[in-house]
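Engineer: no sequence on this one, just coordinates:
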DNA sequence: GATGAATGAGGGTTCATTCAT
DNA sequence: GATGAATGAACCCTCATTCAT
């Protein structure tokens, strides 16, 4: 048959294909026809759902990361005062990795970083919708640790980045190291990251 | 004669211009004519020195970081057994930032990460010539710390990445955060990184 | 049932919508979907009534002017020998303007002139069905004037064009001048046209 | 040879080709490649000289009509008070026809009228650069005639249009009538136009 | 050695048209 | 009879690359 009624499924299939290709080849090197073929349609069809390539790019970010963030926020909102800050921090990082880092979505940071200068509006959108919310989550964990005396006092926004950096890097490495024949094992790396951060942020033990 | 000097200087001027543009706009969005104009020549001239755009890209990556690494290695080769591992680690990170992070060269990691899949051969080259040497430098500092009992025992190649991650991220943020109106201040961030790493890697004090 | 009526009304509604759009934007710039939307149907439906865009265009031209011409001919057929040629000429021009010039149909000459080379067959049809009949009408008025000695002798087919030109131009200006911010007032213009023609065609008064 | 140094000749050749095609087929129906082929280059080359199709359109109007208008103005600026207004009017019309109507440039009005709605800016430019100057020329002739008592008093801007209409129509007919197998002979038509206008505008002879 | 005019392949996008539902 | 999702052929335009000068 020429077409089956999948109007509702199409946008998702398109974004799915686009995410794979953007992540694999970058924005500019991804051709509309490639996206179309992978989504099982022809190039013209893409334009029924998205005005142009850039809109697809934006939709990919919007539709894929934001829901994961919602879920992450919900999962982490329920911790009680019985959890130690160290446990909370570990939980945040491991949840982050499970929901995003271990999935295809881990390719998005690479995309956003690489294309930030060509699509500043997109970078801003990503910052507002994804980064700021994520940083808030992490910020709360640190605040909690400092308040409890578990973590030493420090500037919140700086500490947040100290924690984000190794996780974001893990996502980037996951997508760039295999290209040069190197393998990247996230697990031992993340274990060590968590250990180092927990110990590194800890309030110095009173003698 | 001035031209002779000019002729010999050309390749460097071209790579100089190309680095600026690649870093600012990415590989695909950088036009040959833009490179030419910025290098003070016309498009045709580029082809006297480089076979095509990809070769310029590769040359930029190849030529730019290696000399800095040479200098870095030399600077750090002279430390004596009197330096503490913590001091050494700080010195490594601060030197890294001074020689690379604080300069235009900080834009290269973004490029390599973004284009790793389109230029796997180049990614491999960069890994061998830059990353591996850098990791070796850092590995030596960790080894030294472990041997002295200052740092707790850990898998070297993992620890190396734990240290690299926040510094590389600083370079990436420096080039992507301004695009979304956010400012990134490397100094307080690096201070905190160093503090956290030093404390986080330290051997736990015997009670 | 309403649909039956609807079905019979459809072609007219389509041509109605198409006329508006063709006149406003030209043939090429008018999209099938725009026509459909304005006619209250979807694009696919147009093809139940017309084989393609060209056929719609042709139908628009064909169907729109001819009925008006019929009416015009009828109105003007009844003049008696008591009317002066000058009066008759004025009546022809004013009727022409009232039935066509003052309506949407005034946009058609622009269309036909612009697309004559792309649709020669249509141009020929328009000439035969519209222009020639119109010219005949005017020709009769002139003949009448010459026969009565009111108008000086002249070549009929030339005189006809001398009379048509200012009226056709009025229709063209009406549709092109507003686009450049100029307003076109047909009434004073037509008054002056009539005055000039009546005096200009008059047999020179015997001294 | 691959290319001969004709940088200076190219723009003219391109506009030449474009004018022919625009006049023959309209703006939208003229393909960039057609223009290129007729100008003896490839499509890409057009973009070295003009940013896009619309710019070519604008350049065609600008470069072709304006110089003719300059010449026309100069030719007509030298008439003395000895010339009768009738002679002057005839001279204006015949000069207009000789410099524009009898040449390829006679195709431009059709273009402008047809595309006025799609390119309002262009229509405005044409009005300012061409029409207004032309109307001024004609306005002066009428004023002169009224001042001398040769022409009857009338609103200048209306009279100007009464005179322009038949000449512009001649240019339009010249380009649209051949498409429907009809031939248009400008000479007898213009003779009659002039005769009618001169007589039609004349002050009525005192008895 | 340098220029820059010209090429031509290829990408993004549009839209008349088709046809399964 | 009507729909509207999908197609695919063009078209405009870009730009890396070439090569006569």
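Structural biologist: Ah, there it is. Just so we're clear, the structure is a prediction, and the values are computed from it rather than from any experiment.
Engineer: Show me how far stretch A:91-98 is from its chain's centre.
Structural biologist: Distance of stretch A:91-98 from its chain centroid, counting by CA atoms, centre = their mean, to the nearest Å, is 11 Å.
Engineer: got it, and stretch A:32-42?
Structural biologist: With CA atoms, centre = their mean, you get 25 Å for stretch A:32-42.
Engineer: next one: stretch A:90-104
Structural biologist: 9 Å.
Engineer: How far does it stretch from one end to the other?
Structural biologist: 22 Å (CA to CA, to the nearest Å).
Engineer: List the buried residues for it?
Structural biologist: By 16 or more other CB atoms under 10 Å in any protein chain shown, the buried positions in stretch A:90-104 come out as A:90, A:91, A:92, A:93, A:94, A:95, A:96, A:97, A:99, A:100, A:101. No exception for glycine: its C-beta is placed from N, CA and C like everyone else's.
Engineer: cool, stretch A:19-26 as well?
Structural biologist: A:19, A:20, A:21, A:22, A:23, A:26.
Engineer: And stretch A:122-136, by the same measure?
Structural biologist: A:122, A:123, A:125, A:126, A:127, A:130, A:131, A:133, A:134, A:135.
Engineer: wait, what's in contact with the second one?
Structural biologist: So the one you mean is residue A:123. A:112, A:115, A:116, B:176, B:179, B:180 (CB atoms under 8 Å, 6 or more residues apart in numbering or on different chains).
Engineer: try 6 Å this time
Structural biologist: A:116, B:179, B:180 (CB atoms under 6 Å, 6 or more residues apart in numbering or on different chains).
Engineer: between these, which is nearest DNA strand E?
Structural biologist: When these are ranked by distance to DNA strand E (CB to the nearest atom of the strand), residue A:116 comes first, at 19.0 Å.
Engineer: ok, so what distance separates that closest one from residue C:26?
Structural biologist: Remark: distance between residue A:116 and residue C:26 (CB to CB, to the nearest Å) = 42 Å.
Engineer: which residues sit in contact with the residue of chain A found nearest chain B?
Structural biologist: Closest approach between chain A and chain B, counting by CB to the nearest CB: residue A:200, at 2.6 Å. Shown in contact with residue A:200 (CB under 6 Å, 6+ apart): B:196, B:199, B:200.
Engineer: and of these, the nearest to residue C:185?
Structural biologist: Of all those, residue B:196 has the smallest distance to residue C:185: 80.3 Å, by CB to CB.
Engineer: any idea which element residue A:24 lies in?
Structural biologist: helix A:10-25 (DSSP states H and E).
Engineer: So what touches that helix?
Structural biologist: Contact partners of helix A:10-25, identified using CB under 6 Å, 6+ apart, comprise A:30, A:34-35, A:38-39, A:49, A:56, A:59-60, A:63, A:107, A:111, B:117.
Engineer: Mind checking if that helix is in reach of DNA strand E?
Structural biologist: No: contact of helix A:10-25 with DNA strand E (CB under 7 Å from any atom of the strand) is absent, the minimum separation being 10.2 Å.
Engineer: what about the nearest residue to residue A:114 once chain neighbours are set aside, which helix or strand?
Structural biologist: Once flanking residues are discounted, residue A:114 sits nearest to residue B:114: 3.3 Å by CB to CB, 6 or more residues apart in numbering or on different chains. Taking DSSP H and E as the criterion, residue B:114 maps to helix B:108-115.
Engineer: Against which helices or strands is that helix packed?
Structural biologist: helix B:156-176 (3 or more CB pairs under 6 Å, 6 or more residues apart in numbering or on different chains; DSSP states H and E).
Engineer: So which other helices or strands are in contact with the helix it packs on?
Structural biologist: Looks like helix B:156-176 contacts helix A:156-176, helix A:186-201, helix B:108-115, helix B:132-147 (3+ CB pairs under 6 Å, 6+ apart).
Engineer: could you give the angle of the last one to helix B:156-176?
Structural biologist: Relative orientation of helix B:132-147 and helix B:156-176, computed by axes from the mean of the first three to the mean of the last three CA atoms, to 10 degrees: 130 degrees.
Engineer: Can you list the helices and strands that helix B:132-147 packs against?
Structural biologist: Contact partners of helix B:132-147 among helices and strands, from 3+ CB pairs under 6 Å, 6+ apart: helix B:85-96, helix B:156-176.
Engineer: average pLDDT for the longest one?
Structural biologist: Looking back up the chat, that one is helix B:156-176. For helix B:156-176, the mean per-residue pLDDT is 96.
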